[in-house]
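1. coordinates for the following, if possible.
(chains A, B and C, ligands or ions: 2)
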Amino acid sequence: MKELTNEILNNLYVCMVRIRLFEENAGKLQENGKIPGALHMYVGEEAIAAGVMAHLSDQDQITSTHRGHGHLLAKGGEMDKMYAELFGKVTGYNKGKGGSMHISNLEVGMLGANGIVGAGLPIAVGAAFSNKFRKTDRVAIAFFGDGASNEGAFHEAANLAAVLKLPVVFVCENNGYGEFTPQAQHQAITDVADRAAGYGMPGVVVDGMEVIAVYEAAGEAIDRARKGEGPTLLECKTYRFYDHSGVRGMGFNYRTEAEVERWKKRDPLDLFKQHLLDQELMTEADAAALADSIRQEVEAAIEFAENSPDPDLSTLLEDVYTN
Amino acid sequence: MSRNSNQGPVGFIVNPASGKDIRRLVAKASVFDNQEKRAIVRRAITGVSAIGVNEFYYVPDTNEIAQSAISELAGRVSAHAVACPGTSSALDSKIGAIGLKAAGCKVIVTLGGDGTNRAVVSGWRHAPLIPISTGTNNAFPVMVEATVAGAAAGLVASGLVPLETVSEQAKLVLIEIENEADDLALIDAVLTNDRFIGARALLDSDRLQLAMLTRASAASVGVAAIGGFIQQVSTVDDHGLCLRFSSQGRKLRVPIAPGLYQVVGVESVKTMALGESVTVCGPGVLALDGERERVLKPGQKATMKVVRDGPWVIDVARTLHQGAAIGAFELSDTGDINAV
Amino acid sequence: MADANTQDKREIPYVMAINEGVHQIMQELDDTFLLGEDVAGVGGVFGTYRGVLDKFGPERAIDTPISEKGIVGLAVGAAATGLRPMVDIMFMDFLGVCMDEITNQMAKMRYMFGGAATLPITVMTMGGAGMSMAAQHSQSLEAWLIHLPGLKVVMPSTPYDAKGLLIAAVKDDNPVIVIFNKLSLGIKGEVPEESYEVPLGKARIAREGTDLTIVALGRMVYEALNAAEQLAELGINTEIVDPRTLQPFDTDTVIQSVKKTHKAMVVHEAVRFGGMGGEIAAQIQELAFDYLDAPVARIGAPFSPVPFNPGLEQAYMPNAEKIVAQAKELLDR
Ligand SMILES: Cc1ncc(C[n+]2csc(CCOP(=O)(O)OP(=O)(O)O)c2C)c(N)n1
Ligand SMILES: [Mg+2]
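-> Ligands and ions are numbered 1, 2, ... in the order given. The predicted structure follows:
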């Protein structure tokens, strides 16, 4: 297993705090009417993006979900272009044409958030195919939810990847709900990883609130893929702290406050911070200073986004085709 | 069948998380799916029932494995849940074991790996136990057909076969951790130079520093195998083993996990009398029965000793042989066998 | 069918009209059941199924996994064996996921089986842009559906039609796709309390006029009405036809109107190229060529996916202003 250097530990922590602060501020901006459309936030699930992406370079690819900001940030997305996209500004990653649900940056191998549940999985398989075709050691990661594992796309992607022995890792972010339907009502199993056996690949369950656990398991799965040994299904048990879309969402009554509070006691940021403090790898002062600097990054990025122009109406028909 | 005052219910504890960890990758182990665990419970209950014992207590696991298996038998058996905090962690097994003890279970059947049984024993130290392996790197639980294990549980729970005649008290490693709660291990307690618990499984032989073993066998997998390559220690031997590791020491090729051989350097081996202790110091991580469990902060001490103060582990084969010898499977005219 | 306009002046929003229709038809026909993602527990993400679970229980109001292929396929099988499924596909865009079940199974089974199978399925879905939901949650894909023999397709614009067409769709023994509009959910209109049907295949004259016929689909009816007010100020008297059902299409009503006005325009929110407007324009020129004073005008979205940016999205969507401009051109004003 790769040595967990202090630098890696620090990067993991920075990554998680960046996602948290980015999302909390995005939530506020949406509530204030500054971000149009739907906004699915990643708060509570940060350890997964951080732990997986720590093993990837810009050459490796990911496909994301409707809940994609954390994935892009961890993959190297810059906050200013991300906020700009959420605002719909021309300076955004998608020139204002995609928004939250389609945010992407191919330069860092982020093949897009996706508005169609499950759609990212076969696309990641395609990226993995491309990696193998070109004889690289690149890997592709497909992030998807527990709910998405019920789409045909999941099953077809898993089978294809296994039979073609492609360098892809399917990372299930099992937060216990597909929109407002609890897992127990949408599938008769509790571990999505159990499905791996049916496709002839390893399935692993890991605590998605513990970034080191995710880091270790993802590292093994990614190594395996790079070595040409085929795909893995890695299931991370997690929870979303905000509503399905937006901070408070539509006010549906589908989970209890007590349940939310119970999970918040396992906040991935708190858990990891405590480990770092215990190991004397960080002090409270370090953590505060880091949060401050990230807050400044957030503020500057929001300012950039607010001051950026909307796309010119003449761009409406641009980029439908190459010419 | 003559009802015996020693008769009592059988308890079930199923660990829904066993057989799914990172060892699927590193150790090429396969995922142990929960459908199969459910089927094992179902078959075990059939075995228990075949002996005429129809009263069960179970720990309601968060994946409802035991519940759903038992509900399939609704009406034919009497089954009761004990309290379980539903934390999806080892705490569920621990609290569950306390509940099974309070419910007066005569035998408990566990489904899980070494870690599961460790959690159970931390709740009920002297539990009469039939551990069925549904995990990965298992030294403690045994690979046994659930039907047979169930019948053994039935024979003991019915009082037909006295517990003392077919069980043996297991050794433990007891661990006192400075300023924190005590802990225990059934097979091995290992100090590693990790800093985090992470994905739990112990997979890296380079990180081993010291191990306390209750048993050591060349025919096993994990740290117990390392000891076994040097000096066998059986479950009946009244001593344990302490290994110190170092890259300077003698080099052995060991199966650190199923399907995973690594080279480890052993600096010294010492037989540990029961009660003889060794103290280690952090920073580091204590891996208990193959899983990183406790983080030692810099300077934090932990003291470990092997004692024979563990659960009563039932020998399934011996139990069935005794049961057969006393005619427990003979059908009388009155139709004693009340199979489900 | 009760006539609402005379007896009942109650006004309720579009979303409530749908909800009432679902309740009433499920009450009336006990072989119906509601199937879809988040339709039961929370009553649908748009609120269209609120209270259905409480009233009809979990056997008839079923939250499904996110499995559109499975959902529509299930409906086909259940219908072929005698039930009357009411299926929700949350956003019309997600039809892409279950297009085989729609195209190759639902639409064709009866024909392929020589008339042996009857598939009284209703698929309810939500189309349209205007909420910055971007390219995969805003489309108007009715042209896909009208092209499939075996399917009926309705697109209610008003609360009255939303309820009445829905009830008629469920009662119809053929598969019917009901395309609601998400931007119209709050629009209020007169809706009778009792159950009633709006017959499938019958257009409605939404506004009578003499100078120009506008055939407007779905929510575009409101944009056309708005445009008609502006045109009236210029002395142009616009007639607006709301087809309500796209398949089968009420050609007659449209032709009658064009014969009266001699000028025609078709407006839909879908991309103009290959949209329903082409079919309607073709029919008009086939059947009323001699009555036309000008080519049939067509308004639809430009040939691009729906953009996220609100300004671009507004520019993208057809609206009253674009209709007025086009009408002026058509009428040489
Ligand atoms: C094909 C498709 N069906 C339904 C939806 C509506 N929808 C958006 S997110 C979502 C739930 C997804 O659940 P899960 O995969 O568990 O991801 P989570 O939101 O929990 O992160 C649904 C049903 C959609 N966007 N696409
Ligand atoms: Mg989910």
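
2. chain center to the longest strand seen in chain B, what's the gap?
-> Across chain B, the longest stretch assigned as strand under DSSP state E is strand B:239-257. Per C-alpha atoms, centre = their mean, to the nearest Å, the displacement of strand B:239-257 from the mean C-alpha position of its chain is 23 Å.

3. each with direction, which strands does it pair with?
-> For strand B:239-257, the paired strands and their directions (DSSP bridges) read strand B:208-213 (antiparallel), strand B:260-273 (antiparallel).

4. mind listing what's buried in that strand?
-> Judged by neighbour count using 16 or more other C-beta atoms under 10 Å in any protein chain shown, the buried positions of strand B:239-257 are B:240-245, B:252, B:254-257. To be clear about C-beta, it is placed using only N, CA and C from the backbone, and glycine gets the same treatment.

5. just those residues: which has the poorest pLDDT?
-> The lowest pLDDT within those belongs to residue B:257, with 86.

6. give me the number of residues near the nearest residue to it once chain neighbours are set aside?
-> Setting aside the residues directly before and after it, residue B:257 is nearest to residue B:27 in space (C-beta to C-beta, 6 or more residues apart in numbering or on different chains), at 3.9 Å. Counted by other C-beta atoms under 10 Å in any protein chain shown, the residues lying close to residue B:27 total 21.

7. residue contacts, residue 304?
-> This is for chain A. A:80, A:83-84, A:91 (C-beta atoms under 8 Å, 6 or more residues apart in numbering or on different chains).

8. meant chain C actually
-> Counted by C-beta under 8 Å, 6+ apart, residue C:304 has contacts A:316-317, A:320, C:271, C:316.

9. residue A:166 too?
-> Here residue A:166 is in contact with A:125, A:128-129, A:131-132, A:140, A:160, A:225, A:230-231 (C-beta under 8 Å, 6+ apart).

10. tell me where the stretch 1-150 of chain C has helices.
-> C:4-7, C:14-28, C:52-56, C:68-80, C:99-100, C:109-112, C:142-146 (DSSP state H, counting those that start in this stretch).

11. among these, show the one with the smallest mean pLDDT.
-> When these are ranked by mean pLDDT, helix C:4-7 comes last with a mean of 52.

12. you'd agree residue B:174 is in a strand?
-> Yes - assigned with DSSP: H, G, I helix; E, B strand; the rest coil, residue B:174 falls within a strand.

13. what residue is smack in the middle of the chain?
-> You didn't say which chain, so I picked chain A. residue A:71 (3.1 Å; C-alpha atoms, centre = their mean).

14. ah, no, chain B please
-> So for chain B, C-alpha atoms, centre = their mean, it's residue B:117, sitting 3.0 Å from the centre.

15. wait, is that residue part of a strand?
-> No - counting by three-state DSSP, residue B:117 is not part of a strand but helix.

16. contacts only, for it.
-> B:110, B:129, B:131, B:140-141, B:186, B:289, B:311.

17. from those residues, which is closest to chain C?
-> Minimum distance to chain C across the contacts of residue B:117 is 32.5 Å, recorded for residue B:110 (C-beta to the nearest C-beta).

18. how many neighbours does the closest one have?
-> 30.

19. the nearest residue to residue B:179 once chain neighbours are set aside - how many residues pack around it?
-> Nearest non-adjacent residue to residue B:179, counting by C-beta to C-beta, 6+ apart: residue B:300, 7.1 Å away. Neighbourhood size, residue B:300 [other C-beta under 10 Å]: 18.

20. mind checking how far residue B:300 is from ligand 2?
-> The gap separating residue B:300 from ligand 2 is 39 Å, by C-beta to the ion, to the nearest Å.

21. pLDDT at residue B:340, what is it?
-> At residue B:340, pLDDT is 42.

22. do stretch C:92-107 and chain A meet at all?
-> Yes - using C-beta under 8 Å from any C-beta of the partner chain, stretch C:92-107 reaches chain A at C:93-94, C:96-97.

23. what sits against residue C:135?
-> Neighbours of residue C:135 in contact, by C-beta under 8 Å, 6+ apart: A:97-98, A:102, A:115, C:305-308.

24. compile these into TSV and extend it with columns for secondary structure.
-> Below are the contacts of residue C:135 laid out as TSV (three-state DSSP):
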residue	secondary structure
A:97	coil
A:98	coil
A:102	helix
A:115	coil
C:305	coil
C:306	coil
C:307	coil
C:308	coil
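
25. out of those residues, who's nearest chain B?
-> Nearest to chain B among the contacts of residue C:135, with distances taken as C-beta to the nearest C-beta, is residue A:115, at 31.2 Å.

26. model confidence at the residue lying closest to the closest one once chain neighbours are set aside, what's the number?
-> In this structure, residue A:115 finds its nearest non-sequential neighbour in residue C:136, 3.4 Å apart by C-beta to C-beta, 6+ apart. On the pLDDT scale, residue C:136 is placed at 98.

27. how close does residue C:136 sit to ligand 1?
-> To ligand 1, residue C:136 is 7 Å away according to C-beta to the nearest ligand atom, to the nearest Å.

28. same question, residue C:250
-> 33 Å.

29. phi, psi of that residue?
-> Main-chain torsions, residue C:250, degrees, to the nearest 10: phi -90, psi 80.

30. isn't it right next to residue C:243, touching?
-> Yes - with contacts counted by C-beta atoms under 8 Å, residue C:250 reaches residue C:243, the gap being 5.8 Å.

31. who touches both of those two?
-> residue C:203.

32. now do the same contact list for residue C:253.
-> C:202-203, C:205, C:241, C:243.

33. looking at those, which are in strands?
-> Using DSSP E, those in strands are C:205, C:241.

34. the longest helix anywhere in chain A vs chain C: in contact?
-> Counting by DSSP state H, the longest helix found in chain A is helix A:6-31. No - judged by C-beta under 8 Å from any C-beta, helix A:6-31 and chain C are separated, with a smallest distance of 10.9 Å.

35. and that helix, what does it pack onto?
-> Packed against helix A:6-31 by the contact rule (3 or more C-beta pairs under 8 Å, 6 or more residues apart in numbering or on different chains; DSSP states H and E) you find helix A:46-53, helix A:69-74, helix A:79-87, helix A:211-226, helix A:268-278, helix A:284-307.

36. figure out which of those helices is closest to residue B:181.
-> Closest approach to residue B:181 among the helices and strands packed on helix A:6-31 (C-beta to C-beta): helix A:268-278, 15.6 Å.

37. contacts made by that closest one with the rest, please.
-> Counting by C-beta under 8 Å, 6+ apart, A:9, A:12-13, A:16-17, A:20, A:44-47, A:208-212, A:238, A:282-284, A:287, B:195-196, B:295, B:297 sit against helix A:268-278.
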